[in-house]
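S.K.: build me a model from this:
(4 chains)
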There are 2 protein chains.
Amino acid sequence: MTDDALRRELLDIPPTDPAVDRLVEEIIGRVADKWTMLLIEILTERGCCRFGELSRACEGISQKMLTQTLRAMERDGLVTRTVYPVVPPKVEYRLTDLGLGLSKAFCGVWIWAEENFRRIEQARSDYAERKAAEGGAG
Amino acid sequence: MTDDALRRELLDIPPTDPAVDRLVEEIIGRVADKWTMLLIEILTERGCCRFGELSRACEGISQKMLTQTLRAMERDGLVTRTVYPVVPPKVEYRLTDLGLGLSKAFCGVWIWAEENFRRIEQARSDYAERKAAEGGAG
DNA sequence: CGGAATCCGTATTGATACTG
DNA sequence: CAGTATCAATACGGATTCCG
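M.R.: A predicted model of the protein is given here:
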């Protein structure tokens, strides 16, 4: 039995349907994204953020990508977007329950990265060294 | 206390260092990728795959992206690449312990997607409807 | 002033043909 | 079979512009 099948049995997930598989992969493709993960992390920590705050917290993101990513997240039901009709304008973003669930799921990936980044750095230098040796000798 | 701080305390993760944060984010940026996740899922299920097998299993990926993604994964120590000097050529890819750990971490995201894809579809149609209403009335 | 849409140069990605 | 080379398409990021 594959790990996947075992997991399905343990968790009582209904057997896989090809159409559902495609849909799940499409969703994975959408949320498995650097900026999405980063925004979810920030929103999880702060609870509620204005656009400018996200822009500052999500270092390196352009205004365009921030807007684009937030729109996609809103569309997928991961965040709510609340506009306050005040001057100056104020828009707040907050994770929905769905987004919070994804945040919990992502949490494991963050922990993995925090625990293993040294091993990855080591792997990278090993790889570079190996390639250099091959280039010189092979 | 933020969720993040609480998580750190519960899991005994050392306090965050800005330089480490950047590194962790860089790693997240690299592994939080559609193809990387898909390849890890496939390799977890099958244990060991040839290039062509991955190419067929990872539907929609181009040869170029497959090569590129596998190289990055090899470089980061997530997979091993074994070349058999036979004709026709045979190259096998397999997850390392590090890659298996990441697979476990990703598992939560897959389960989340499998459990919630209907809610996301619903959110998408709600969003479309809402936008259509705004366009017509607003 | 805060937030979103547009234009345009650059970097990544994808489809195809070709090689060992 | 397992890649590499090449060129077209697309996505990205920055500056600018527009809106309230």
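S.K.: use CA for all of it now, contacts and neighbours both
M.R.: Noted.
S.K.: show me the helices in chain A, by range?
M.R.: A:3-11, A:18-31, A:34-46, A:51-57, A:63-75, A:97-137 (DSSP state H).
S.K.: distance to DNA strand C, mean neighbour count and mean pLDDT added to those, as JSON lines?
M.R.: Converted to JSON lines, the helices of chain A look like this (distance: least, Cα to the nearest atom of the strand, whole Å; neighbours: other Cα atoms under 10 Å in any protein chain shown; pLDDT from 0 to 100):
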{"stretch": "helix A:3-11", "distance to DNA strand C": "25", "mean neighbour count": "13", "mean pLDDT": "58"}
{"stretch": "helix A:18-31", "distance to DNA strand C": "10", "mean neighbour count": "16", "mean pLDDT": "88"}
{"stretch": "helix A:34-46", "distance to DNA strand C": "11", "mean neighbour count": "20", "mean pLDDT": "92"}
{"stretch": "helix A:51-57", "distance to DNA strand C": "4", "mean neighbour count": "15", "mean pLDDT": "91"}
{"stretch": "helix A:63-75", "distance to DNA strand C": "5", "mean neighbour count": "17", "mean pLDDT": "92"}
{"stretch": "helix A:97-137", "distance to DNA strand C": "16", "mean neighbour count": "16", "mean pLDDT": "91"}
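S.K.: looking at the ones you listed, which is closest to residue B:42?
M.R.: Of all those, helix A:3-11 sits nearest to residue B:42, with 9.6 Å by Cα to Cα.
S.K.: measure the most centrally placed residue in chain A to chain B for me?
M.R.: The centroid of chain A falls nearest to residue A:37 when counting by Cα atoms, centre = their mean (2.4 Å). Residue A:37 sits 8 Å away from chain B, going by Cα to the nearest Cα, to the nearest Å.
S.K.: which residues touch that residue?
M.R.: Going by Cα atoms under 8 Å, 6 or more residues apart in numbering or on different chains, residue A:37 touches A:31, A:103, A:106, B:32.
S.K.: tell me, how many residues neighbour the residue in chain A that DNA strand D sits nearest to?
M.R.: Using Cα to the nearest atom of the strand, the single residue of chain A nearest to DNA strand D is residue A:62, 3.9 Å away. Residues within reach of residue A:62, counting by other Cα atoms under 10 Å in any protein chain shown, total 11.
S.K.: coming back round to it: now the helices of chain A in JSON lines, with distance to residue B:26?
M.R.: Output for those, formatted as JSON lines (distance: least, Cα to Cα, whole Å):
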{"stretch": "helix A:3-11", "distance to residue B:26": "29"}
{"stretch": "helix A:18-31", "distance to residue B:26": "17"}
{"stretch": "helix A:34-46", "distance to residue B:26": "9"}
{"stretch": "helix A:51-57", "distance to residue B:26": "15"}
{"stretch": "helix A:63-75", "distance to residue B:26": "17"}
{"stretch": "helix A:97-137", "distance to residue B:26": "10"}
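S.K.: and residue B:125, which of these is closest to it?
M.R.: helix A:63-75 (8.6 Å).
S.K.: between helix A:97-137 and the closest one, find me the angle.
M.R.: Interaxial angle, helix A:63-75 versus helix A:97-137 (axes from the mean of the first three to the mean of the last three Cα atoms, to 10 degrees): 130 degrees.
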